[in-house]
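J.: Have a look at this prediction, sequence included:
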Amino acid sequence: MDQARLSSLPLFGSLSKRECRHVAQYADELELAEGTQLVREGEFAYEFFVIEDGTAEVMRGGEHVADLGPGDFMGEMGLVQHERRNASVVARSPMRCIVMSGQDFRTMERQLPDVCRRISAVIEERSQALAG
């Protein structure tokens with residue numbers, strides 16, 4: 001994963017170049033076709049995604065709840081809180097995403113605790129904004 005592309009995304013925007021270089025070691029890139037299901041409601045969370053390009057639709061209980069685009073992220077709550085997915089997400093266009101597994105995030109937490117706290121703070125901020 002290219003650290004410059006990673007640092008251009010809001011979730012990682014507060015990180016230094018050195019920190020982005022470390023995070024990039026744990027992140028992978030995915031190219032996804034329209035219609036691909038990234039996250040399935042009710043399943044266990046094993047990874048989270050950050051959208052670089054493309055759009056996705058969030059569904060909960062069969063109802064549309066949000067549209068996502070570049071810079072948005074999904075799947076993080078189940079991963080961070082060790083819960084099942086609370087919504088499904090489907091690609092509505094071809095997409096390019098950054099993906100990080102839960103195992104890689106936990107390894108990164110041990111090696112870069114400050115970086116993970118800052119990423120988790122952005123995730124928490126977003127969840128509060130969505131809830132409020």
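T.: Here it is on my side, so go on. Quantities reported herein were computed from a predicted structural model and do not represent experimental measurements. Residues are numbered from 1 along each chain as shown.

J.: from here on, contacts and neighbour counts on C-alpha atoms
T.: OK.

J.: Let me know the helix or strand that the most centrally placed residue in the chain is in.
T.: With distances taken as Cα atoms, centre = their mean, F49 lies nearest the centre of the chain, 3.1 Å away. According to DSSP states H and E, F49 maps onto strand 47-53.

J.: Beyond that strand, next helix or strand please.
T.: That would be, after strand 47-53 and using DSSP H and E, strand 56-60.

J.: which other residues reach that next one?
T.: 41, 64-69, 86-93 (Cα atoms under 8 Å, 6 or more residues apart in numbering).

J.: at 7 Å what do you get?
T.: By Cα atoms under 7 Å, 6 or more residues apart in numbering, the surrounding residues in contact with strand 56-60 are 64-69, 86-92.

J.: how distant is the strand holding F49 from the center of its chain?
T.: 5 Å (Cα atoms, centre = their mean, to the nearest Å).

J.: same check, this time on stretch 2-19
T.: The answer for stretch 2-19 is 14 Å, by Cα atoms, centre = their mean.

J.: One more: stretch 50-68?
T.: 12 Å.

J.: Could you give the average pLDDT over it?
T.: For stretch 50-68, mean pLDDT is 95.

J.: One more: stretch 95-103?
T.: 92.

J.: Contacts for that stretch, please.
T.: 26-33, 46-55, 79.

J.: Name only those of the residues you listed that count as buried.
T.: 26-27, 29, 32, 46-55, 79 (16 or more other Cα atoms under 10 Å).
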